[in-house]
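S.K.: Structure for this input, please:
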Amino acid sequence: MTEVTQIVTARGDFRKPDEVADVEHNSGVDLACMAVLGPRASGKSTLLNRLFGTDSAIANPLTGKGGTKGAWVATGRAGGRPLVALDTQGFEATAGDEAAVVAKVAMLSLALADCVVFNLWAADIGRFDAAGYSLLRTVFTEHMHVFLEERARKTLLLFIVRDHDDGSSPAIIKRLLTEDVKKLWDEAEKPMEYAGAAVEESFDLDVVTLPHIKFKKEDFDAEVRKLQSRFVDPGSPHGYLFKPAYTKAVPGWALGTYAEVLWGDIAKQGPRGFGSSALSTKDLQASYLCDRAFNDERVRADRVLARWRADADSGRVTPNLGQQAEALLAQARASFDSRTSAFPKAIERDTKRRELMSWIEETVRGVFEKEMTHLQNEALQRLREGLTRSLRQTSSPRIPDNERSKILTDAKSWFTQRSESLSVESLGLVNRAATREVNSVLDMFSAQFHESPAAQMHAIRQIRRQAQRKPRRVKTVIPGVTLTAAIRPGGFGNFQAIAGYSDGPHAVNVSVCNDADAAEQEGQGQVPFFRFQPSLNFDIDL
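M.R.: Reported below is the predicted structural model:
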């Protein structure tokens with residue numbers, strides 16, 4: 001077996017060392033467990049050292065000092081099963097506060113052990129304090145409470161009587177111990193369900209006597225070898241001790257943690273309180289396995305949730321969060337139910353399932369709300385950028401209404417599409433409220449965009465550009481008609497008059513001069529009284 005390892009200190013603190021955790025790898029196999037109880041300095045540790053080759057500390061037989069404190073465990077294998085040997089602190093009537101630790105260790109032993117070994121000296125049989133009968137009576141009381149719902153569950157109570165050298169037969173020793181046991185059982189406080197019950201209904205009694213370890217060493221060693229075979233050999237001719245009827249179904253892959261759960265209940269409530277809770281070993285196993293499944297599923301789910309939280313905290317949106325969340329919830333629920341299916345009616349199962357699912361749901365809810373806020377902010381940013389981009393591309397101080405409406409519709413559609421992928425229908429996490437909220441914000445922002453500083457600055461810049469722009473030169477070709485008329489009556493030029501009228505490119509000019517006679521005298525021939533001359537002109541600007 002392994003070296004002994006302390007699992008309960010003298011102060012009542014529980015320790016879960018690696019040596020105990022090693023047994024946890026034997027998945028699916030129940031433990032064969034024995035525990036040794038008895039008075040201080042009665043040779044309990046010596047017996048275990050001889051039976052299993054352990055190295056437990058041994059108390060001084062004269063002073064009682066030293067020896068085992070709290071509880072120590074050694075692990076090995078016997079008959080194809082993991083074997084656990086539990087060495088406990090000895091009982092002493094005057095031990096004060098230590099007695100409470102001893103009683104609690106006895107309760108732990110009772111909940112774990114198929115076989116409870118009660119070690120005592122032959123000379124102390126019948127002596128209440130010296131034999132540790134007070135501890136034995138406590139064991140009986142707590143057994144009736146611990147196994148209240150499993151009355152068919154039995155424990156082997158094996159008395160090891162040391163220094164049996166007075167010549168009396170083992171049968172007499174067994175009769176005396178049986179009488180004492182029955183008396184202690186009758187004196188033990190019983191719940192109503194055990195009223196009138198006999199000790200044989202809960203315990204099978206067996207007695208092994210050992211001669212003096214020094215004066216009859218060979219005989220002692222021979223008897224110890226016989227006893228050893230009964231613990232480790234299912235085919236022992238002396239009777240295998242770990243019968244199926246005695247098993248507490250302690251999972252071999254969970255000794256350390258299972259014992260820790262037990263000790264937590266015992267230490268919190270005390271021996272009598274522990275019993276009054278009416279927890280059966282099945283309840284304790286359900287408590288442990290449900291707690292183990294809860295922790296494992298929470299760790300597994302947190303690996304996924306941690307990535308989602310990181311995305312949400314950094315402003316990213318998890319792709320298809322809704323589908324992934326639904327799958328995670330279904331997987332966690334199915335896995336937990338599968339691992340705890342052996343306890344369908346256990347209260348602890350429902351409690352841990354609700355706790356697990358509530359934790360996942362709250363985490364998903366937090367991620368959903370953060371990422372929905374990110375989408376809302378991004379939708380607003382997309383609208384702002386779209387309007388700003390359109391404003392920069394137009395020469396007008398304002399965005400045309402049809403263009404602004406299109407940009408607004410695109411932003412709303414983008415949000416609706418993205419937010420639908422976040423929805424977790426089973427948790428009531430949908431995008432309807434967020435969509436109404438963001439649509440209202442987008443509408444307001446779009447309507448007030450022209451009043452924003454950016455839009456106003458753009459309008460001012462456009463006006464300035466137009467004011468500073470040089471007039472554009474226009475290329476033109478303008479046709480015009482000019483009518484010129486001359487009236488020349490007779491005379492020698494002593495009367496002249498000129499009149500004119502214009503309308504755009506068109507003009508009329510009329511002149512009167514009485515110089516016809518003078519012109520004829522000068523040899524110009526006959527001068528016409530009236531002469532009319534039209535002309536066509538073009539004003540070309542290139």
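S.K.: Contact partners for the residue lying closest to residue 187 once chain neighbours are set aside?
M.R.: Nearest non-adjacent residue to residue 187, counting by C-beta to C-beta, 6 or more residues apart in numbering: residue 137, 6.1 Å away. The C-beta positions use only the backbone N, C-alpha and C, and glycine is treated the same way. For residue 137, the contact set (C-beta atoms under 8 Å, 6 or more residues apart in numbering) comprises 184, 187-188.
S.K.: Tell me the buried residues within these.
M.R.: By neighbour count, with 16 or more other C-beta atoms under 10 Å, those hold 184, 188 as buried.
S.K.: which residues touch residue 230?
M.R.: By C-beta under 8 Å, 6+ apart, the contact list for residue 230 reads 236, 238-241.
S.K.: Straight-line length of stretch 209-218, end to end?
M.R.: One end of stretch 209-218 sits 14 Å from the other (C-alpha to C-alpha, to the nearest Å).
S.K.: if we can go back for a sec, tell me which two of the contacts of residue 230 sit farthest apart.
M.R.: Across the contacts of residue 230, the longest distance by C-beta to C-beta is 9.3 Å; it joins 238 and 241.
S.K.: Residue 247 contacts residue 81, correct?
M.R.: No - applying C-beta atoms under 8 Å as the test, residue 247 and residue 81 come out as separate, 9.4 Å apart.
S.K.: what do those two both touch?
M.R.: Shared contacts of residue 247 and residue 81, defined by C-beta under 8 Å, 6+ apart, comprise 30, 32.
S.K.: you'd agree the residue nearest to residue 187 is in a strand?
M.R.: No - going by DSSP: H, G, I helix; E, B strand; the rest coil, the assignment for residue 137 is helix, not a strand.
S.K.: Would you mind measuring from it to residue 199?
M.R.: Using C-beta to C-beta, to the nearest Å, residue 137 is found at 11 Å from residue 199.
S.K.: With residue 50 instead?
M.R.: Distance from residue 50 to residue 199, by C-beta to C-beta: 29 Å.
S.K.: now residue 165
M.R.: Plainly put, residue 165 is 28 Å away from residue 199 if you go by C-beta to C-beta.
S.K.: how about low-confidence regions in the stretch 351-500 of the chain?
M.R.: Applying pLDDT under 70 to the stretch 351-500 of the chain flags the ranges 397, 452, 454-456, 458-473.
S.K.: nope, the stretch 151-300 of the chain is what I meant
M.R.: Scanning the stretch 151-300 of the chain for pLDDT under 70 picks out the ranges 151, 251-254, 268-285, 288.
S.K.: how about the helices of it, start to end?
M.R.: 170-187, 217-232, 255-276, 281-313 (DSSP state H, counting those that start in this stretch).
S.K.: Out of these, which is the most enclosed?
M.R.: With neighbours taken as mean count of other C-beta atoms under 10 Å, these reach their highest mean count in helix 255-276, at a mean of 19.
S.K.: which secondary structure elements does whichever strand or helix holds residue 483 contact?
M.R.: Using DSSP states H and E, residue 483 maps to strand 476-487. When contacts are defined as 3 or more C-beta pairs under 8 Å, 6 or more residues apart in numbering; DSSP states H and E, strand 476-487 sits against strand 506-513, strand 530-541.
S.K.: how about the ones you listed, which one is nearest residue 411?
M.R.: When those are compared by C-beta to C-beta, strand 530-541 sits nearest residue 411, at 50.4 Å.
S.K.: List the pairing partners of the closest one within its sheet, with orientation.
M.R.: Note on strand 530-541: by DSSP bridges, its sheet partners are strand 476-487 (antiparallel).
S.K.: what does the strand it pairs with rub up against?
M.R.: 504-513, 529-541.
S.K.: Report the angle between it and strand 506-513.
M.R.: Using axes from the mean of the first three to the mean of the last three C-alpha atoms, to 10 degrees, the inter-axis angle of strand 476-487 relative to strand 506-513 is 20 degrees.
S.K.: ok, then the element right after strand 476-487?
M.R.: strand 496-503.
S.K.: what packs against that following strand?
M.R.: Where contact means 3+ C-beta pairs under 8 Å, 6+ apart, strand 496-503 is packed against strand 506-513.
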